[in-house]
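Visitor: Starting from these lines, generate the structure:
(one chain, ligands or ions: 1)
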Amino acid sequence: MSSTGEYDCVVIGAGVQGSFTAYRLAENNQRTLLLEQFVLPHTRGSSHGQTRIIRKAYEQDFYTHMMEECYELWAQLEREAGVRLYRQTGLLVMGPENSQNYQLFKTTLERNKVPTVVLTRDNFSQHIPNFNLAEGDGAVVDITAGVLYADRALKTVQGQFQKLGGIIKDKEKVMDIKPGPVVTVSTSAGVYRTKRLVITAGPWANRLLSHTGLQLPLEVVKINVCYWKEKVPGSYDVKRRFPCFLLTEGEEADEHIYGLPSNEYPGLVKICYHMGSETDPDQRDKQTDRSDIDILQRYVARCLPGLIPEPAVVESCIYTLTPDRHFVLDRHPNHSNIVIGAGFSGHGFKFGPIIGKLLCELSLGEVPSYDLSPFRITRFQAKTKSAL
Ligand SMILES: Cc1cc2nc3c(=O)[nH]c(=O)nc-3n(C[C@H](O)[C@H](O)[C@H](O)COP(=O)(O)OP(=O)(O)OC[C@H]3O[C@@H](n4cnc5c(N)ncnc54)[C@H](O)[C@@H]3O)c2cc1C
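Guide: All right, here's what the predicted structure looks like:
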């Protein structure tokens, strides 16, 4: 039987960004419907898995500023729902001491007075055992950083949304969008009419946007999520205060390599390469390129002598990249009642609560709490095709 309904707002996509947006809209007394194409929870988009890194360490001040409030919003959600979503571990940032990238991280932390510890070659192994700091690399620890329990966070925010009267319909794929003062959203199971629409469809963003005459320059890549076995159980364990880490660039590659202490799978450390190969989100695992894993194997062999340099478990996830790696948080250029959150470029999870707040503000026509100029669609102007 097909369903119909009228809403103040419909949000498409129940990943981290859509779920937080729906929650904020419901908090603002909006009758809100959150639509998801798959049965929840699922592992096909970008928000699944046990853990994500949360940090203030960034190359740009605007992300560090947003994270100040974002930590408070995560803590507020923990209190409201009575669940633990964050564990402080610190984030070790490493990179060639004189490189622009490493210096940007370090100076942004300093300028924003984020509590840090700078490690020297002499005291490094005393603080971080079983890790080789490369010759010429600097090391600074963002003390505030840690791990977010991702799957638990998603379940929690969706639960809080429902407690506020929000409606989630999963296994309902959006097939068509008809823009207008009242937007008509047709799914595999029904038709809904809404004053406002938010599109947070992760790797499927452009498929949804094609119904509105817009295409963004997004690149969808598969990430191999690699877990590496400890030679001595417990040596990189979260309980032994092993931190998350991020290498800005290194001998093996130009993109970041990042890792999280052994936690979700006992004895296994998660280490990933911050890039993958282009994929179709509906055929994600057809893409079998392993060049990222080769890079990681060389890095693990060189810098993490306590790990077996071959991944024990490989899972899959998807990044949706913009050319400049900054998010898209904006109104549709031709339909002001359609708001878009897209292109989270492999670093959006930690921002979930603040993205939810900002997309809600945009949707309600309020002045956004932060300067959104780095996230506007107009920055792609030359490449953005507007068919309308
Ligand atoms: C391996 C990996 C590691 C990461 N590490 C970190 C990290 O340490 N820290 C950090 O901050 N971020 C990290 N990220 C990035 C972060 O996880 C993503 O930025 C974030 O999850 C993006 O969420 P989203 O809601 O935009 O997309 P998604 O989670 O993909 O959600 C989009 C949803 O829309 C649904 N959808 C799509 N089309 C339709 C349709 N037609 N009808 C209905 N529903 C539809 C999809 O099924 C999906 O559920 C990582 C990502 C990956 C892959």
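Visitor: Does residue 37 touch residue 171 like I think?
Guide: Yes - using Cβ atoms under 8 Å, residue 37 is in contact with residue 171, at 7.4 Å. Heads up, the C-betas are built off the backbone N, CA and C, glycines and all.
Visitor: Please say which of those two ends up with more neighbours.
Guide: residue 37 (20 against 14; other Cβ atoms under 10 Å).
Visitor: Test for you: state the pLDDT assigned to that one.
Guide: With respect to pLDDT, residue 37 has a value of 98.
Visitor: same check, this time on residue 254
Guide: At residue 254, the model reports a pLDDT of 89.
Visitor: Tell me how many other residues crowd it.
Guide: Look at residue 254: counted by other Cβ under 10 Å, it has 11 neighbours.
Visitor: okay, now the residue in the stretch 101-250 of the chain that the ligand sits nearest to: neighbour count?
Guide: Closest contact between the stretch 101-250 of the chain and the ligand, by Cβ to the nearest ligand atom, is at residue 202 (2.3 Å). For residue 202, the count of nearby residues is 27 (other Cβ under 10 Å).
Visitor: Tell me who's in contact with it.
Guide: Residue 202 makes contact with 13, 15, 17, 45, 46, 47, 281, 318, 320, 342, 344 under the criterion Cβ atoms under 8 Å, 6 or more residues apart in numbering.
Visitor: would you list those residues in a markdown table and tack on neighbour count, secondary structure and distance to the ligand?
Guide: Formatted as a markdown table, those follow (neighbours: other Cβ atoms under 10 Å; DSSP: H, G, I helix; E, B strand; the rest coil; distance: Cβ to the nearest ligand atom, whole Å):
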| residue | neighbour count | secondary structure | distance to the ligand |
| --- | --- | --- | --- |
| 13 | 28 | coil | 3 |
| 15 | 24 | coil | 2 |
| 17 | 29 | helix | 4 |
| 45 | 23 | coil | 2 |
| 46 | 22 | coil | 4 |
| 47 | 27 | coil | 3 |
| 281 | 18 | helix | 8 |
| 318 | 21 | strand | 6 |
| 320 | 26 | strand | 7 |
| 342 | 28 | strand | 7 |
| 344 | 28 | coil | 3 |
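Visitor: and residue 325, what helix or strand is that in?
Guide: Assessed by DSSP states H and E, residue 325 sits outside every helix and strand.
Visitor: before we move on, the earlier item: who touches both of residue 37 and residue 171?
Guide: Common neighbours of residue 37 and residue 171 (Cβ under 8 Å, 6+ apart) are residue 188.
Visitor: From the ligand, how far off is the closest residue to residue 112 other than its chain neighbours?
Guide: Take residue 112 and drop its neighbours on the chain: the residue closest to it by Cβ to Cβ, 6 or more residues apart in numbering is residue 64, 4.7 Å away. Distance from residue 64 to the ligand, counting by Cβ to the nearest ligand atom, to the nearest Å: 13 Å.
Visitor: and the nearest residue to residue 241 once chain neighbours are set aside, what is it in contact with?
Guide: Distance criterion Cβ to Cβ, 6+ apart; nearest residue to residue 241, sequence neighbours excluded, is residue 89 at 7.2 Å. Residue 89 sits next to 145, 146, 147, 238, 241, 242, 243, 244, 260, 261 when contact means Cβ under 8 Å, 6+ apart.
Visitor: Return the distance of residue 152 relative to residue 38.
Guide: Separation of residue 152 from residue 38 (Cβ to Cβ, to the nearest Å): 19 Å.
Visitor: same deal with residue 137?
Guide: Counting by Cβ to Cβ, the gap from residue 137 to residue 38 is 42 Å.
Visitor: Compare neighbour counts for those two and give me the winner.
Guide: The neighbour comparison of residue 137 against residue 38 (other Cβ under 10 Å) goes to residue 137, with 21 against 14.
Visitor: Good, wrapping up.
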